[in-house]
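Participant: below: sequence and its predicted model.
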Amino acid sequence: MTTSLTLGITGMTCTSCSSRVERKLNKLDNVEATVNFATESASVSYDPATTTPADLIDVVEGAGYGAFAVSDEGEASASTADTAREGEASDILQRTLVSAALSLPVMLLSMVPALQFQNWQWACLVLTTLVYVIGGAPFHRATWANLKHGAATMDTLITLGTTAAFGWSLYALFFGNAGMPGMTMHMTLRSNDAQMDHIYLESVGMVITFLLLGRWFELKAKGRSSEALTTLLTMGAKEATVLRGDTETRIPIGDLHEGDIFVVRPGEKIATDGVVLNGHSAVDESLLTGESLPVEVSPGSTVTGATINASGRLEVRATRVGSDTVLAQMGALVTAAQTSKAPVQRLADRIAAVFVPIVIGIAILALLAHLWVGGVAPAFVAAVSVLIIACPCAMGLATPTAILVGTGRGAELGILIKGPEILESTRQIDTIVLDKTGTITEGQMSVAAVQATAGHSEQEVLRLAAAAEQGSEHPIARAIRAAYDGETPTAEDFHELAGQGIEATVEGTRVRVGRPPAGYDGTGTQVGVYVADDVVGTIELQDRVKESAAAAISALQDLGLTPHLLTGDNTGAAHAVARAVGIDEANVTAGVMPSDKVEAIAQLQQQGKTVAMVGDGVNDAAALAQADLGIAMGAGADVAIEASDITVMNNDLRSVADAVRLARATLRIIKGNLFWAFAYNIILLPVAAFGLLNPLFAGIAMALSSVFVVSNSLRLKSFHSAEYA
């Protein structure tokens with residue numbers, strides 16, 4: 001028996017840190033952990049019989065990092081993580097400003113000989129020492145903590161590089177000629193141009209400054225990229241007004257229980273998921289679905305917690321509270337997606353885990369090679385440049401930052417992507433199978449046509465049918481009653497006829513509404529109306545096609561997907577819907593049972609198709625699970641949503657196309673990030689090793705690479721729904 005826990009982790013500075021924490025956690029018996037550097041969290045599955053949350057926290061702290069259990073209360077956990085991140089960002093910003101103020105004069109004096117006054121180098125030493133101690137403290141502390149555990153991370157490279165440059169400068173000043181009064185120095189781009197008396201105090205100061213600035217940008221970007229999830233987790237109501245008899249009592253949301261009746265006034269958030277008992281109103285669901293148009297609700301309507309009551313007073317019975325609500329489940333889905341890893345990220349993690357030792361080896365080889373062919377100063381500077389240029393921040397941020405921003409933006413639009421592996425699936429699919437009822441159509445029957453036999457009128461047929469159907473809550477019965485706008489006669493002695501319809505006495509005559517006469521082959525569902533077993537007419541009903549369906553099908557085709565229609569309805573109705581929305585009638589399968597839907601998906605897969613399935617009902621759950629990519633419409637059954645990979649909360653088929661577009665856009669960003677992260681190291685490592693790069697410019701390039709990756713990922717925040725014709 002295993003349980004799951006999310007840990008917030010503080011103090012991680014690169015993916016080497018997250019990899020080490022992950023390895024430490026996974027060494028525990030019956031523990032499976034995934035640590036995500038971008039979200040600063042660990043998703044842990046463990047056996048409570050052998051491991052406790054305190055044990056997990058002890059392991060993380062033993063590795064040199066801070067940890068706290070993320071509670072089920074989204075607001076509390078989001079607040080804790082945000083507070084920790086803001087505190088760290090504030091500290092880094094202060095160190096950055098101090099370091100910049102001290103390093104700028106050092107750089108100017110080192111670069112411009114005309115500014116180099118008598119003994120200027122000793123003034124630079126004082127300023128740089130302050131930068132090395134104050135600005136470099138976060139890197140040095142992390143390096144020491146890692147060394148105590150026998151590990152090397154990005155901070156190790158930074159500390160080694162800056163300490164080596166600082167140590168060389170001290171040697172040149174105290175034991176070489178660099179400390180002589182009147183010494184002048186020229187800035188060089190290439191390390192091979194270095195001389196024995198060259199000092200690198202400006203490199204120490206500016207490298208630390210740029211790395212601090214890059215880390216500050218990184219922390220702020222993490223905060224921005226997780227804004228959507230934080231907003232989602234904290235958008236719920238804080239209090240509820242419950243009815244205790246005739247008295248209204250204000251209570252904290254945590255004290256609200258299933259079955260309680262609570263009041264929602266105009267402008268208030270609905271406290272939790274429930275069913276309207278009294279009142280009529282329009283509810284703004286845009287916070288959850290991304291759909292701006294308010295939804296009309298009345299007694300019997302279901303409402304969702306965190307949505308806003310726009311007009312009338314409502315009395316609602318709570319049906320779900322706490323972690324069972326739609327809002328909590330959305331938060332759990334997005335959190336799970338952001339804390340897990342895409343397959344491509346696992347490759348980057350494996351590379352990052354061995355990257356630091358390899359870089360240290362390259363730096364040693366560069367040092368020895370330059371000592372052999374050149375001199376001490378060029379050899380030393382080449383080794384320092386290698387250490388500084390190689391920090392693998394960009395590589396580690398490439399995938400998780402894009403996933404963080406992409407899934408967060410999806411949540412804002414009412415699109416929930418369950419996990420990063422889904423991104424690969426959206427790229428590969430070439431066929432999309434759609435259920436009809438509730439997906440392409442409204443899922444609500446309406447009367448399309450009435451035909452009367454000789455001697456009877458269409459209005460009379462509809463009047464008799466509406467009277468007989470008063471005793472039924474079947475969708476067909478509701479549609480017939482809604483279609484008749486006259487006064488319905490009284491009916492008595494109702495009888496449900498299994499598989500045949502309903503029978504009742506209307507104005508002293510037995511009236512039956514049920515199966516149509518033989519030979520019907522229409523485009524909808526037809527029922528026959530009989531008086532004393534004689535047919536008096538037929539009523540044809542159709543499930544109205546959603547206004548957005550045709551545009552959605554066109555958008556899916558533009559994405560390279562071939563749409564198929566799969567339905568349990570009759571052939572005529574299925575083909576009519578296919579024609580209305582632009583699906584090739586050769587790709588229509590009608591009259592299928594739920595098990596047949598699974599078989600239909602499997603047959604397409606056997607033909608070499610990679611299949612996505614869109615559905616909303618209980619009968620779609622098995623097919624959604626069978627498909628390579630399952631997409632559930634959010635207004636559908638819970639079991640369908642559970643079986644799917646992507647959930648579209650606003651029930652608009654056009655959002656299915658948006659979901660595919662967003663997933664593919666996120667995958668493109670990830671691949672672009674990884675390309676530039678790897679290319680940056682592949683290109684600049686040899687440049688530095690051959691002595692062609694000054695440590696100062698190496699530090700600038702390293703910081704900019706991380707900023708580029710994070711900024712590129714943040715482009716996903718501007719993703720929006722397409723404009724559909």
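Facilitator: Thanks, I have the structure now.

Participant: C-alpha only now, for contacts and for neighbours.
Facilitator: OK.

Participant: where does pLDDT dip in the stretch 551-700 of the chain?
Facilitator: Residue ranges of the stretch 551-700 of the chain with pLDDT under 70: 593-595, 617-621, 634-644, 694-696, 698-700.

Participant: quick check: end-to-end length of stretch 648-661?
Facilitator: The straight-line separation of the ends of stretch 648-661 (CA to CA, to the nearest Å) is 13 Å.

Participant: chain neighbours aside, what residue packs nearest to residue 422?
Facilitator: In this structure, residue 422 finds its nearest non-sequential neighbour in residue 645, 6.8 Å apart by CA to CA, 6 or more residues apart in numbering.

Participant: was I right about that neighbour contacting residue 415?
Facilitator: No. In this structure, residue 645 is not within contact of residue 415 by CA atoms under 8 Å, at 10.7 Å.

Participant: of the two, which one has the most company?
Facilitator: residue 415 (29 against 23; other CA atoms under 10 Å).

Participant: for the more buried one, which residues make a bridge with it?
Facilitator: Beta-bridge partners of residue 415, counted by DSSP bridges, are residue 648.

Participant: next up, the contacts around it.
Facilitator: 289, 646, 647, 648, 649, 655, 659 (CA atoms under 8 Å, 6 or more residues apart in numbering).

Participant: top of the residues you listed by neighbour count?
Facilitator: Going by other CA under 10 Å, residue 647 tops the contacts of residue 415 with 32 neighbours.

Participant: any idea how far that one is from residue 142?
Facilitator: From residue 647 to residue 142 the distance is 41 Å (CA to CA).

Participant: what about residue 476, how many neighbours?
Facilitator: 22.

Participant: give me phi/psi at it?
Facilitator: phi -70, psi -40 (degrees, to the nearest 10).

Participant: buried stuff in stretch 100-117?
Facilitator: Within stretch 100-117, the residues that count as buried by 16 or more other CA atoms under 10 Å are 100, 102, 103, 104, 105, 106, 107, 109, 110, 111, 116.

Participant: just stretch 143-157 next, same as before
Facilitator: Applying 16+ other CA under 10 Å to stretch 143-157 flags 143, 144, 145, 146, 151, 152, 153, 154, 155, 156, 157 as buried.

Participant: ok, residue 362 to residue 98 distance?
Facilitator: As for residue 362, its distance to residue 98 is 33 Å (criterion: CA to CA).

Participant: with residue 472 instead?
Facilitator: Per CA to CA, residue 472 is found 77 Å from residue 98.

Participant: cool, residue 296 as well?
Facilitator: For residue 296 relative to residue 98 (CA to CA), the value is 57 Å.

Participant: kindly report the same for residue 49.
Facilitator: Residue 49 is 50 Å from residue 98, by CA to CA.

Participant: neighbour count: the two, which is higher?
Facilitator: Set residue 49 next to residue 98 and count neighbours by other CA under 10 Å: residue 98 wins out with 16 against 9.

Participant: so that one is in which element?
Facilitator: helix 74-111 (DSSP states H and E).

Participant: likewise for residue 485?
Facilitator: Going by DSSP H and E, residue 485 is not in any helix or strand.

Participant: again with the one 10 residues further on
Facilitator: In this structure, residue 495 sits in strand 491-497 according to DSSP H and E.

Participant: please identify the buried residues of that strand?
Facilitator: Buried residues in strand 491-497 (16+ other CA under 10 Å): 491, 492, 494.

Participant: cool, stretch 545-556 as well?
Facilitator: So, applying 16+ other CA under 10 Å, buried residues of stretch 545-556: 545, 546, 548, 549, 550, 551, 552, 553, 554, 555, 556.

Participant: out of the residues you listed, which are inside helices?
Facilitator: 549, 550, 551, 552, 553, 554, 555, 556 (DSSP state H).

Participant: distance of the fourth one from residue 443?
Facilitator: With distances defined as CA to CA, the gap from residue 552 to residue 443 amounts to 17 Å.

Participant: equivalent analysis for the third one, please.
Facilitator: The gap separating residue 551 from residue 443 is 18 Å, by CA to CA.

Participant: need the buried residues of stretch 100-117 in CSV with pLDDT, can you?
Facilitator: Output for those, formatted as CSV (pLDDT from 0 to 100):
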residue, pLDDT
100, 92
102, 95
103, 91
104, 91
105, 93
106, 90
107, 84
109, 88
110, 82
111, 78
116, 86
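
Participant: so what's residue 4 closest to, chain neighbours aside?
Facilitator: In space, residue 4 is closest to residue 45, 4.4 Å off (CA to CA, 6+ apart).

Participant: please read the previous query as pertaining to residue 448.
Facilitator: Nearest to residue 448 is residue 541, by CA to CA, 6+ apart, at 5.1 Å.

Participant: other SSEs contacting the strand or helix carrying the one you found?
Facilitator: Using DSSP H and E, residue 541 maps to strand 534-545. In terms of contacts (3 or more CA pairs under 8 Å, 6 or more residues apart in numbering; DSSP states H and E), strand 534-545 is packed against strand 441-452, helix 458-468, strand 525-531, helix 571-581.
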